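Asks: Give me a 3D structure for the following:
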Amino acid sequence: MSSLDIKKGQLIQHFEKGLCRFDRWKTFNVLVFHTVDGGGEVKLPEHTFCELHALRKIRLVEQGKDGNPIETREFGPDECWTDSDNPEKAKLTSEGRKALARQFYTKKWDEEGNGSLGDVGLQELISRWRPVVVQLGYETNEIEESETKPFRVEVARLRHFVNKCGRPGARPLEAFRDNRGKNSPRRLADEIEVEIPKAIDHYYGARGRDYNDAYGVLHDAIKALNKKRPKEQQLKYPKPEVLRRRIDKAATFDNLARKTSRSEAWRKLHGHREHISATRPLELAIIDTTPLDVHVLDSRRLLPLGRPYLTACIDVYSRMLLGWFITFEPPSLYSVMATLKRVNRHKGYVRKLFPQIKRPWDAWGCPTEILLDRDWAHQSPSFQHSMAEIGTEVHYAPGETPQYKTIGERWFRTVNQGLIHKLAGAVRYNVYVMRQVGLNPAKDALITFEDLNELLHEFNEVYSYRPHDGIGAVPALVWKEGLAVQRRRWIKDVGALDNILGCVDTATISGNGIKFKNMRWHDESVTSLLLNDLVRLEKKRSQDPRTFGQSRARVIVKWNPADTGSISVWNRGGEPKPYWVTMPNADPEFLKGLTFWHHARIREFAEAKGLEFSTEEQRWDAFNRLRRHWETLAGQMPMRKSRQARRGLAFELGQFDDTTANEPIDITVDDIRDVEAEASTAGLNKVEPEGVPDQLAAELLGRDNTPNKGRTPSKTAVAKGQKTKNRKKAERGQAEHEAYVKEMRGDPTGDPRARGTPVRDDADRDEGWGETAEAPTSAPTDLPEDETADDEGW
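Replies: Prediction:
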């Protein structure tokens, strides 16, 4: 049974549906309303109605005798008497005393019940209660300015108050206010008042329109009206300030959305939501990237490298910095993964590399959840599989909403204001302002890459041990107290991060190793182990039918874009369970510490310059020539090639987290455990260390979901393809030779063949001068060049 006293026809103001009129009760105490604008029924259970009423999302609307809502203007905070239940406070102003007198007489008329509204009856009521009103101080003998007699409630006004100011039992003090003078009088002609809304609509119709455009529309409209009127009745043009004020008053959400966009209007007029929060350390971390407002120098050659990118990871609970990574390439999956590796590693290197930093940096561990931008690189299968393996759940912020990651954006602002903008070479203002005042950060760049890293470590010490306004405490102290309640999540095997955090791809392994990204990865023992475990799982038609033919197998590899020294191969046939195997590069001396990006640039440079790229000596020669080329480009204007040069030089500076300066870990006999492997037929079982399981996502590792190798081409197709390649190679060589002869020797006839000599084909089989070599009919059915592993060289 309902406990609410609500009658049919009463009005409520709903926070979403607007003005609604109560219609009836339904079963189970459901209130049924009808929207006044005809929008349909609104059904609210009684408990929901009460909850919304308590949250101030539903209110009862005062109605007159005709059932229509009564619009009353509430008191402002500057009018001294905002409390309707405090008459003494209302008596402090003349307006308050008048309202109290009107309310008093009206309530007395209600108390008499069905009183007369005639002049005689109302006058008797006023005369009977006036001494009480005077005694209460509501009516005085004070004559106000611009008045000729003291204030008194008259019969006609009392009749108006009874009919228009509320209803019996509901006579709020706000309803008896005197609104005279509260609304500005109209001073413009009716025709102009009609044209002003059109000018306002024109202003909000497009982003580029300003006040002058709107006033021009109004001016033309009035000019057209004046052409139809006699000279003595010409309309006066309002001042531009009048239209400007009207436009500003019309700055509603809908108008701003028309002029700009809904997202901009929402951010301008909508209230801020509560930002994301966490209840313990490492529960939620934010990863974001921004370009630093400073130009950096190469510490070895003192060449400008440009503005670096800073990727940072911040713990939401304590606001502690978990790790960062500085690079000269735009935001990418590589920078995020490199940052996550530092997040999961202990910061013991700080005490050795930067002895001036006395207080510890203890912020490290495995986050339970991370929040990232909705970038295409962050949503790749490689990244999602990697995060699933270390037990971290990935969330993405809504697109084009930097306010969703306010904590990360605020930290970047703190770094810029507290450190970056104080450095030489800082970009403190926008490019136009800096040009006007003659500032050139690229020429003033005096900060080196190593100095920037050191300064960031020193600034992080200050940031971690000073009060933070967002949490009202010291971040390092909040972190320490949080770990006392909830222990730190951590990766049991830090070395497994190289296998887990990497890009996923597929390749082919044979007796010669794996050819991947124009490099060969091979170790005799590792290759033999993988072939022994994987070949038996391959389809028979994918193998060489000859008994002595080389076996092949498709494998899943993970590779770190920052290191070409090794890749990780998933041994799905391992016993007792699958595991990762590290495959070293076949050329470890040259490729040690080199990135895949640098290797690709060196190879492109060698091909462009016609350099050999097979032996180690030839590769070193190509690398040194490219390095000198980068040094030349880095000093030029910041164009595309110059940016690539800065990226290449910056890599040689190294990274501080790979230092070996840490103290060695003390290991005793008690720390060594003997583990016995399970017996197997081949005797190749290995003992798996405890910790994070080396497992890849089932959807990628499942044999049925592995990409098919494809049909092996026939001998005829191979021969045809080889013939086409040889023909195009010969044509290209002949054309280059003809162009060279024409340029160097010239020819009056314009025919370079007159003095040119045929070009001999460089194919393996010499079939004649300038002719293509036919492929043998028994050509082997090898895989395409980028997937074979039979080539010993590059």
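Asks: what ranges do the helices span in the stretch 401-550 of the chain?
Replies: Listed in chain order, the helices of the stretch 401-550 of the chain (DSSP state H, counting those that start in this stretch) span 406-418, 431-436, 449-464, 475-485, 497-500, 524-534.
Asks: so how many other residues sit close to Asn163?
Replies: 13 (other Cβ atoms under 10 Å). For every residue, glycine as well, the C-beta is placed using N, CA and C.
Asks: just to revisit the earlier point, for Ser94, find the nearest of the helices of the stretch 401-550 of the chain.
Replies: The minimum distance between Ser94 and the helices of the stretch 401-550 of the chain falls on helix 406-418, with 48.7 Å, by Cβ to Cβ.
Asks: so how far does stretch 51-59 reach from one end to the other?
Replies: Using Cα to Cα, to the nearest Å, one end of stretch 51-59 lies 12 Å from the other.
Asks: Break the protein into its domains for me.
Replies: Taking automatic domain parsing as the domain assignment, the record places the domains of the chain at 11-61, 77-176, 190-269, 284-495, 502-585+664-710, 714-794.
Asks: lowest-confidence stretch among those?
Replies: Between the domains of the chain, the one with the least mean pLDDT is domain 714-794; it has a mean of 61.
Asks: Help me confirm that Gly399 comes into contact with Asp375.
Replies: No: using Cβ atoms under 8 Å, Gly399 is not in contact with Asp375, being 9.8 Å away.
Asks: Neighbour count for the two, which is higher?
Replies: The neighbour comparison of Gly399 against Asp375 (other Cβ under 10 Å) goes to Asp375, with 17 against 10.
Asks: Quick check: that one vs Tyr396, distance?
Replies: 8 Å (Cβ to Cβ, to the nearest Å).
Asks: For stretch 329-345, buried residues please.
Replies: Along stretch 329-345, these residues count as buried under the neighbour rule (16 or more other Cβ atoms under 10 Å): 329, 331-345.
Asks: likewise stretch 287-300?
Replies: Of the residues in stretch 287-300, 287-290, 292-299 count as buried by neighbour count, 16+ other Cβ under 10 Å.
Asks: so can I have CSV of those showing distance to Gly121?
Replies: Rendered in CSV, the data for those read as follows (distance: Cβ to Cβ, whole Å):
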residue, distance to Gly121
Ile287, 79
Asp288, 76
Thr289, 81
Thr290, 78
Leu292, 83
Asp293, 80
Val294, 85
His295, 89
Val296, 91
Leu297, 96
Asp298, 99
Ser299, 99
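Asks: and of these, the nearest to Glu731?
Replies: Compare each of those with Glu731 using Cβ to Cβ and the shortest gap goes to Asp298, at 44.5 Å.
Asks: can I get the helices of the stretch 401-550 of the chain in CSV with mean neighbour count and distance to Ala586?
Replies: Written out in CSV, the entries for the helices of the stretch 401-550 of the chain read as follows (neighbours: other Cβ atoms under 10 Å; distance: least, Cβ to Cβ, whole Å):
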stretch, mean neighbour count, distance to Ala586
helix 406-418, 17, 42
helix 431-436, 10, 48
helix 449-464, 18, 31
helix 475-485, 16, 45
helix 497-500, 22, 19
helix 524-534, 17, 10
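Asks: okay, those in TSV with distance to Lys723 next?
Replies: Supplementary listing: the helices of the stretch 401-550 of the chain in TSV, determined by distance: least, Cβ to Cβ, whole Å:
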stretch	distance to Lys723
helix 406-418	59
helix 431-436	57
helix 449-464	53
helix 475-485	69
helix 497-500	44
helix 524-534	34
